[in-house]
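Chemist: need a structure here:
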Amino acid sequence: MTRTRIESLLASFPKLIPANSQHTSVETAQVRYVYQPLEELYILLITNKASNILQDIDTLHLFARVVSDMCKSVEEREIQRQSFELLGAFDEIVSLGYREHVNLMQVRNVLEMESHEEKIQEIIARNKEAEAKEELKRRARQLEMQRREQQKRAAALGGGVGGGSYLGGGVSGYAPVPRYETPDAPAARTASPAPAAASRPPHFKTSGMKLGSKKTRQAELLDALGGEVLTIEDMSTPPTPVPVEPPTQTQKDARGSLPSVTPESVHVVIKETISVSLLREGGIKSMELKGDMNLQVADPANAHIKLALAPFSTDFGSDLQFKQHPNVAKFVPNQEKIIALKDPSRAFPVGQALAVLKWRYAGHDESYVPLSINCWPSPSNDGTCDVNIEYELEHDHITLYDVIISVPLPTGSYPTVSDPASNWSLNPSTHALDWSIPRISADESSGTLEFSVGGDDVGAFFPVKVTFVAQGSLAGIEVAKVTRVSGGEEVVFSSDAMVNAEEYVMV
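Modeler: Now for the predicted structure:
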């Protein structure tokens, strides 16, 4: 088809559009026009009359989605600016006049022409290269420092390391190891007295034998650095040993972002761990809650005390099983729950934590779940899937921190999140979307996240995993007051209650 023929067909199209018509196709004696309005413009598909009208409409809709996806606004200036990219996308949809079996996600991936796995491998390779270089530098510095120490000791002996000293022939083999001549050292450098050197054991003997036997490896290390170590270290300075610095990377605090608690002389620590397995259709598969209470007494004057528990804010009933320390008295039924020693004359240990109470719950009651999760994947006809995630805090007496909801993604697909302000990231190790919520409390108890991703397998988005650390007690266990055994005077105390999610999944 010639360019003149195409221009003629396009020029005649505006005259053929019927007024006040709901049809989106017009036929002439030779061709069929299938069109779709895009604001003030039209997207037009010209075919012969023998083509499949349903397939033409589906192709036209895909063209419209590509235009809307690639252009910020459907305006003539924006379309002209993106004309090259649009032509490339249209060429992926229609090839030699025939429709290709592709969807919007596949067209987008082809246009991006990038591989996430390749990027990950490049990052890993760069990290390994940097680590190898740092290891080379560290080992070269260590070797250089040992060599200087050897030369200093040899100079202090006066006759060299190859003489008839007590070192014998064991160290004489180390003499040819230095590969360069060091400048004349000042008097302060060789001022170590010989008796001091002779009085200490030759602890460098084994190191000298090791260095002499691996001279080729040392040379390779120094050559690989290109003399960088010699530039960094001043050869004229005294060879003082360099202490090994502790690692700067700190371990992750198990408390996360929980507010810190200033301990008093009587400090109560309540720790709970929860394991929950939720069902995607609703309900709970299993739940287990374990907790313990530790008492820490810092002042011996406050060692003869007893703890009164507050009424439980969560009614687990008889399903919540308690276990006291062997020296702690049992709870009296239908009375205030008191934690005290069986022998009133004895005192709690001072300066060490004592687990005075433990509890456990295992069951299938959904009302005890602290955080409800709803993951709703909805497959669409173009090979993509719209996923809606929702969470809601079920208990107002606890506050969750550092919440991460991790949703696995189909292999080779990458999400498009509708709300760009959401705090989410792609986890390369698990290929999952990690939605981070810094804090969930009674004031902000719910939230939603929507994204679309390639793939129509609903099962690929499970299991959904949740991690968090919470302030409070799920079992509702709290110390109301601390009093002295004799006299009943109240004692100032502090309490720290936290919950860790050991395993929190939706299957």
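Chemist: alpha carbons only for contacts and neighbour counts from here, please
Modeler: Fine.
Chemist: mind checking what helix or strand follows the helix or strand where residue 87 lies in sequence?
Modeler: Residue 87 is part of helix 83-93, with elements assigned from DSSP states H and E. Later in the chain than helix 83-93, the nearest helix or strand by DSSP H and E is strand 94-95.
Chemist: can you tell me what sits against that next one?
Modeler: Strand 94-95 is touched from outside by residue 100, with contacts defined as CA atoms under 8 Å, 6 or more residues apart in numbering.
Chemist: have a look at the chain and report its longest helix.
Modeler: helix 116-157 (DSSP state H).
Chemist: send me the helix holding residue 87 as PDB with only the CA atoms.
Modeler: The C-alpha trace of helix 83-93 is given here as PDB (Å, rounded to 0.1, in the frame of the first residue of the first chain):
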ATOM      1  CA  SER A  83       5.800   8.900  18.800                       C
ATOM      2  CA  PHE A  84       9.000   6.700  18.500                       C
ATOM      3  CA  GLU A  85       8.100   4.600  21.600                       C
ATOM      4  CA  LEU A  86       4.400   4.300  20.400                       C
ATOM      5  CA  LEU A  87       5.500   3.000  17.000                       C
ATOM      6  CA  GLY A  88       7.700   0.400  18.600                       C
ATOM      7  CA  ALA A  89       4.800  -0.700  20.800                       C
ATOM      8  CA  PHE A  90       2.400  -0.900  17.900                       C
ATOM      9  CA  ASP A  91       4.900  -2.900  16.000                       C
ATOM     10  CA  GLU A  92       4.900  -5.500  18.800                       C
ATOM     11  CA  ILE A  93       1.100  -5.700  18.600                       C
END
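Chemist: who does that helix touch, helix- and strand-wise?
Modeler: On a contact count with 3 or more CA pairs under 8 Å, 6 or more residues apart in numbering; DSSP states H and E, helix 83-93 meets helix 53-70, helix 104-112.
Chemist: how does it look with 7 Å?
Modeler: Using 3 or more CA pairs under 7 Å, 6 or more residues apart in numbering; DSSP states H and E, no helix or strand is in contact with helix 83-93.
Chemist: contacts for it, please.
Modeler: Applying CA atoms under 7 Å, 6 or more residues apart in numbering, the contact partners of helix 83-93 are 99, 100, 102, 107.
Chemist: separation between the residue nearest the centre of the chain and residue 380?
Modeler: The structure's the chain has its C-alpha centroid closest to residue 427; by CA atoms, centre = their mean the separation is 6.8 Å. In this view, residue 427 and residue 380 are 25 Å apart by CA to CA, to the nearest Å.
Chemist: cool, residue 316 as well?
Modeler: 43 Å.
Chemist: looking at these two, which is more packed in?
Modeler: residue 316 (16 against 13; other CA atoms under 10 Å).
Chemist: for the chain, just list every one of the helices.
Modeler: Counting by DSSP H, the helices of the chain are 3-16, 53-70, 76-81, 83-93, 104-112, 116-157, 169-172, 194-199, 205-213, 215-225, 228-232.
Chemist: what's the closest of those to residue 266?
Modeler: helix 116-157 (47.5 Å; CA to CA).
Chemist: avg pLDDT for that closest one?
Modeler: Across helix 116-157, the average pLDDT comes to 86.
Chemist: run a quick neighbour tally on residue 399.
Modeler: Quick note: residue 399 (other CA under 10 Å) scores 23 neighbours.
Chemist: burial check on the residue nearest to it when sequence neighbours are not counted, number of neighbours?
Modeler: Spatial nearest neighbour of residue 399, excluding adjacent residues (CA to CA, 6 or more residues apart in numbering): residue 441 at 4.8 Å. Neighbour count of residue 441, defined by other CA under 10 Å: 19.
Chemist: tell me who's in contact with residue 441.
Modeler: 396, 399, 400.
Chemist: let's see it at 10 Å
Modeler: If you count contacts by CA atoms under 10 Å, 6 or more residues apart in numbering, residue 441 has them with 392, 393, 394, 395, 396, 397, 398, 399, 400, 401, 470, 471.
Chemist: next one: residue 27
Modeler: Counting by CA under 10 Å, 6+ apart, the residues that residue 27 touches are 16, 33, 34, 46, 47, 48, 49.
Chemist: neighbours of the closest residue to the third one other than its chain neighbours, how many?
Modeler: Nearest non-adjacent residue to residue 34, counting by CA to CA, 6+ apart: residue 25, 4.3 Å away. Residue 25 has 19 neighbouring residues, counting by other CA under 10 Å.
Chemist: how much space between residue 25 and residue 78?
Modeler: Note on residue 25: its distance to residue 78, by CA to CA, is 26 Å.
Chemist: what bridges to residue 446?
Modeler: With DSSP bridges as the criterion, residue 446 is bridged to residue 392.
Chemist: now the helix holding residue 87: mean pLDDT?
Modeler: Across helix 83-93, the average pLDDT comes to 84.
Chemist: how big is the angle separating that helix from helix 104-112?
Modeler: 130 degrees (axes from the mean of the first three to the mean of the last three CA atoms, to 10 degrees).
Chemist: what's the pLDDT at residue 176?
Modeler: Residue 176 is given a pLDDT of 47.
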